[in-house]
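1. Let me see the structure of the following:
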Amino acid sequence: MAVILERDLPRGREAFKRWAEAAREAANAVGGTGAAISDSADSGDSGSSSAARLAVRPELPRNVWAMAVRYSLFLLERRAPGPGVEVRVAPWGAVKILDGPESDPHNLTPPDVIELDPEVWLRLACGITDWTEEKDAGHISAVGERDDLSDLLPLV
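-> Numbers count the residues shown, from 1 in each chain. Model prediction:
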């Protein structure tokens, strides 16, 4: 089953854009850069800047969050199609990406599984934080050999 219906793609695109803009504003408001990660690495106080980015969680309606997650997972699936890694962002979606061994036919779980909370996923997808920051903060649950999506993110 698709993570987002084709008819919902425009709503998803708008929700993702709205989330990204709100997240950048929130990062700026608490002292983060709100810019791409590579730009923030040059700032003098990268520890507090990183903490500010890791705390970004815009106040938006639940349906905006849901559509932003679904649309961003759709983008990820298109960027790296395949059956080898399952990316789960509960409660709103999961996709299988990257080539590699498929699911065991008995349990349907691929050998590599990555689980993220919606705010973590969207921060990564929008480039607010990077994979290493979120992983070091303990915000990513990843099992398997392909447990790093840093080469695929951000999606924008």
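
2. Least confident secondary structure element in the chain?
-> Lowest by mean pLDDT, DSSP states H and E among the helices and strands of the chain is helix 37-40, with a mean of 37.

3. All the strands of the chain, residue numbers only.
-> 81-89, 93-97, 112-116, 140-143 (DSSP state E).

4. Make CSV out of those strands and add distance to residue 64, mean pLDDT and mean neighbour count.
-> For glycine as for every other residue, the C-beta is placed from the backbone atoms N, C-alpha and C. Formatted as CSV, these follow (distance: least, Cβ to Cβ, whole Å; pLDDT from 0 to 100; neighbours: other Cβ atoms under 10 Å):
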stretch, distance to residue 64, mean pLDDT, mean neighbour count
strand 81-89, 14, 93, 19
strand 93-97, 14, 95, 21
strand 112-116, 18, 94, 19
strand 140-143, 23, 93, 16
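
5. Including distance to residue 60, could those strands go into JSON lines?
-> Output for the strands of the chain, formatted as JSON lines (distance: least, Cβ to Cβ, whole Å):
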{"stretch": "strand 81-89", "distance to residue 60": "16"}
{"stretch": "strand 93-97", "distance to residue 60": "17"}
{"stretch": "strand 112-116", "distance to residue 60": "18"}
{"stretch": "strand 140-143", "distance to residue 60": "22"}
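
6. Out of those strands, which is closest to residue 71?
-> Nearest to residue 71, of all those, is strand 93-97, at 9.4 Å by Cβ to Cβ.

7. Count residues in the vicinity of residue 124, would you?
-> By the criterion of other Cβ atoms under 10 Å, residue 124 has 26 neighbours.

8. Hmm, it is touching residue 148, no?
-> No. Assessed by Cβ atoms under 8 Å, residue 124 is found out of contact with residue 148, at 11.3 Å.

9. joint contacts of these two?
-> residue 131 (Cβ atoms under 8 Å, 6 or more residues apart in numbering).

10. Low-confidence ranges, the chain, go.
-> Scanning the chain for pLDDT under 70 picks out the ranges 1, 31-48, 102-110.

11. Swap in 80 and give it another go.
-> The model of the chain has pLDDT under 80 over residues 1, 30-48, 100-111.

12. any idea where the helices of this structure begin and end?
-> Applying DSSP state H to the chain gives helices spanning 9-29, 37-40, 46-54, 62-79, 118-126, 131-136.

13. For the spatially most central residue of the chain, give its distance to residue 60.
-> The residue lying closest to the centre of the chain (Cα atoms, centre = their mean) is residue 121, at 2.5 Å. Using Cβ to Cβ, to the nearest Å, one gets 14 Å for the distance from residue 121 to residue 60.
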